[in-house]
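Peer 1: My questions are about this predicted structure, shown below with the sequence.
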Amino acid sequence: MNLLNIAHRGNSSRAPENTLAAFAAAAAAGAGMIETDLQLSADGTVVLIHDDTLNRTAGRDVRVADLTASELQSADAGSWFSPDYAGEHVPVLADLVDFAAGHPELGWLLEFKGEWNPDQVAAAAEPLRDAGLAGRCVLQGFSPRTVRSLHAAAPDIERGLLIMMQPAPGEEHQLLRFLTETATGYCNPHGGILSSSPQLVSTLQAEGVKVCTWTLNEPFQWDTAAAAGVDGIITDRPAELTEWSRLAQSRS
């Protein structure tokens with residue numbers, strides 16, 4: 001068994017999500033890849049945060065898109081999780097690049113939140129290329145428009161399409177056509193699809209598409225994903241998944 005262990009927003013069960021502390025905890029947990037979220041600040045800087053607002057993770061009812069990168073970085077993105085992480089800031093893409101330089105063992109699954117045009121994607125992809133990270137990244141999104149922008153502006157970097165629902169009967173061919181048109185090598189479904197449409201994994205893989213499912217945190221879910229033959233599991237609990245994988249490997 002060679003499942004890729006992908007830490008969701010870093011090791012978000014042990015440290016505040018999408019912070020450098022969570023990334024460090026993911027590396028320590030044995031993750032092979034870190035998933036994180038990309039948005040644009042008011043001044044066009046790429047920042048790493050999931051929600052549209054700071055309300056949940058920084059206690060401020062203000063939109064990410066309405067703040068500059070400097071204003072975002074001044075927010076306390078750690079205290080909500082634990083007093084031990086007071087002062088953790090919202091990272092910018094340059095912080096990720098610096099962290100990745102010290103952790104060459106890690107890949108990066110970068111979710112472009114919402115709608116991105118090709119120019120915006122190009123600005124995000126450039127520092128990844130400059131740092132030699134392009135080969136360690138998969139750029140993904142839910143929005144077909146954003147995935148088309150990824151294809152147009154960063155054809156040299158692997159792409160992924162996130163899907164929440166299984167394709168309706170007879171619509172799998174439309175999904176496969178989109179993946180082919182955009183040269184998208186990953187299709188990453190919600191974990192519930194593995195139960196409702198288990199054949200989708202083999203259908204995608206038969207077309208050369210890799211499948212990483214999300215967000216699975218329990219051993220019974222990992223068992224189901226492994227039985228379905230997925231390529232990777234996105235989890236909030238990478239340390240526990242590392243141990244589960246070790247035990248599963250010893251039994252095989």
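Peer 2: Done, it's in.

Peer 1: C-alpha only now, for contacts and for neighbours.
Peer 2: Noted.

Peer 1: outside of stretch 120-128, which residues touch it?
Peer 2: With contact meaning C-alpha atoms under 8 Å, 6 or more residues apart in numbering, stretch 120-128 is reached by Val46, Leu93, Ala94, Val97, Ala134, Ser149, Leu150, Ala153, Ala154.

Peer 1: What residues of it count as buried?
Peer 2: With burial defined by 16 or more other C-alpha atoms under 10 Å, the residues of stretch 120-128 counted as buried are Gln120, Val121, Ala122, Ala124, Ala125, Leu128.

Peer 1: If we only consider these, which is nearest to Thr182?
Peer 2: Val121 (14.7 Å; C-alpha to C-alpha).

Peer 1: pretty sure that closest one is in a helix, no?
Peer 2: Yes. Read with DSSP: H, G, I helix; E, B strand; the rest coil, Val121 is one of the residues of a helix.

Peer 1: Start from the N-terminal end of the stretch 51-200 of the chain and give the strands.
Peer 2: Counting by DSSP state E, counting those that start in this stretch, the stretch 51-200 of the chain has strands at residues 53-54, 60-63, 107-112, 137-141, 158-163, 186-189.

Peer 1: In JSON lines: these, plus mean pLDDT, mean neighbour count and distance to Thr215.
Peer 2: Compiled in JSON lines, the strands of the stretch 51-200 of the chain are given as follows (pLDDT from 0 to 100; neighbours: other C-alpha atoms under 10 Å; distance: least, C-alpha to C-alpha, whole Å):
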{"stretch": "strand 53-54", "mean pLDDT": "98", "mean neighbour count": "19", "distance to Thr215": "21"}
{"stretch": "strand 60-63", "mean pLDDT": "96", "mean neighbour count": "13", "distance to Thr215": "25"}
{"stretch": "strand 107-112", "mean pLDDT": "99", "mean neighbour count": "22", "distance to Thr215": "13"}
{"stretch": "strand 137-141", "mean pLDDT": "99", "mean neighbour count": "24", "distance to Thr215": "15"}
{"stretch": "strand 158-163", "mean pLDDT": "98", "mean neighbour count": "23", "distance to Thr215": "12"}
{"stretch": "strand 186-189", "mean pLDDT": "98", "mean neighbour count": "23", "distance to Thr215": "9"}
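
Peer 1: And these: which comes nearest Glu240?
Peer 2: With C-alpha to C-alpha as the measure, strand 107-112 is the member of the strands of the stretch 51-200 of the chain nearest Glu240 (18.9 Å).

Peer 1: Could the C-alpha coordinates of the closest one be exported in CSV?
Peer 2: Taking C-alpha atoms only, strand 107-112 is exported to CSV below (Å, rounded to 0.1, in the frame of the first residue of the first chain):
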residue,chain,number,x,y,z
GLY,A,107,4.7,18.1,-1.8
TRP,A,108,2.1,20.9,-1.9
LEU,A,109,-1.6,20.7,-2.8
LEU,A,110,-2.7,24.3,-3.3
GLU,A,111,-6.4,25.0,-3.5
PHE,A,112,-7.2,28.2,-5.4
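
Peer 1: tell me what it is packed against?
Peer 2: Packing partners of strand 107-112 (3 or more C-alpha pairs under 8 Å, 6 or more residues apart in numbering; DSSP states H and E): strand 33-40, strand 137-141.

Peer 1: Distance from the longest one to the middle of the chain?
Peer 2: In other words, strand 33-40. Taking C-alpha atoms, centre = their mean, to the nearest Å, one finds strand 33-40 lying 5 Å from the centre of the chain it belongs to.

Peer 1: distance between whatever helix or strand comes next after that strand and the chain's centre?
Peer 2: Helices and strands here follow DSSP states H and E; after strand 33-40, the next one along the chain is strand 46-48. Distance, stretch centre to chain centre, for strand 46-48: 13 Å (C-alpha atoms, centre = their mean).

Peer 1: Spatially central residue for the chain, please.
Peer 2: Centroid-nearest residue in the chain: Glu35, 2.9 Å away (criterion: C-alpha atoms, centre = their mean).

Peer 1: Pull the contacting residues for it.
Peer 2: Counting by C-alpha under 8 Å, 6+ apart, Glu35 touches Ile6, Ala7, His8, Arg9, Gly10, Trp108, Leu109, Leu110, Glu111, Ile234.
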